[in-house]
Structure formats: C-alpha cells, structure tokens
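Participant: Next one to model:
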Amino acid sequence: MAPRATAADSGAMESTRTALKVFVVEDAPSIRARLIELLDEIDDVSVVGEAESPAEAVAGIFRTRPHCVVLDFRLTGGTGVDVLRAVHPASPEIGFVVLTNHPTAQYRRACMEAGATAFLDKSTELGKLKGVVVDCASAHLDGATHAG
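Facilitator: Modelled structure (predicted):
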C-alpha cells in the first residue's frame, strides 16, 4: 500500500486550497460568456453562477455565496447598484468588482458607497480583471476565514 500524502506535502497543500468562487452578472450574453471564459483561465477560480438582471443576481448570489461578484453596472431591469444595495449589507464578506462602459465619477462613487471593492472601465481596464478578481476573492476569503 502506498504511503498517504500528508498536509506537509506541497502537492497535498495545493490540492486542499479552497477554490475562489465567483458569480458573474452581465446582461449581454456574449460579454457574459467572454467574462466567464476569462475567469475560467484563472487557477483556483470557479464560476459558480451567472445572471443578467438584478433580481436574478441577488437570488443567485445568496444561493451560491461566492467570494467575489463580477458585476456589470447597467443591467436588464436595473443597475449594479441595485444588486450592491440588496446584497452588501447582508453579506459584506462578498467582494464586488463592478465593470462599466460608463466610468464616470458619479457612477464610481455610487458603486463604492454601496459596497463595491473595485470599479473598472470595460473599454480600458478589462486586462486588469483577472488580477482584481483574484485579489478581491482572496481578501474576502481570508477575511471570512479569520472572522469565523
């Protein structure tokens, strides 16, 4: 019988790492698919759900309990701020990365005041998404681990 791997083995340590759970909220199906594709390229990240409207997003986020939400600002039937206001007060441990084609100071302020962790311009900052999501999810996962 082969010896069992111990927690001290580096391979075992890697296999016991918690996957970072991400939920994607985007009303354009092609953009949502591209975001999921980008996120699937990140090691230790698992996309646990997706939605296109605020109501679907809120229900899905509470159901899946992700570490991070990638959230479009403009959605079918509302905005990302609607989602932030519904989820953040009840689950402040969840990180939110807001994406928008409308990166005005007014929208940034509204999102950040409602609980966003980051605010990115889709047209100029999409290349930052992977790093921001990993940082966001890791920080919120660490915070939840230390708080519990």
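Participant: Strands of the chain, start to end?
Facilitator: Along the chain, the segments classed as strands by DSSP state E run 20-25, 45-51, 68-72, 74-75, 78-79, 95-100, 118-121.
Participant: Go through those and pick out the most buried.
Facilitator: strand 68-72 (a mean of 28; mean count of other Cβ atoms under 10 Å). Yep, even glycine has a C-beta here, placed from its N, CA and C like the rest.
Participant: name the helices or strands packed onto that strand?
Facilitator: Here strand 68-72 touches strand 20-25, helix 29-40, helix 54-64, helix 80-87, strand 95-100, helix 129-147, going by 3 or more Cβ pairs under 8 Å, 6 or more residues apart in numbering; DSSP states H and E.
Participant: With distance to residue 111 and mean pLDDT added, can I get the ones you listed in CSV?
Facilitator: CSV is the format used below for the helices and strands packed on strand 68-72 (distance: least, Cβ to Cβ, whole Å; pLDDT from 0 to 100):
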stretch, distance to residue 111, mean pLDDT
strand 20-25, 13, 96
helix 29-40, 17, 95
helix 54-64, 14, 98
helix 80-87, 6, 98
strand 95-100, 5, 95
helix 129-147, 13, 71
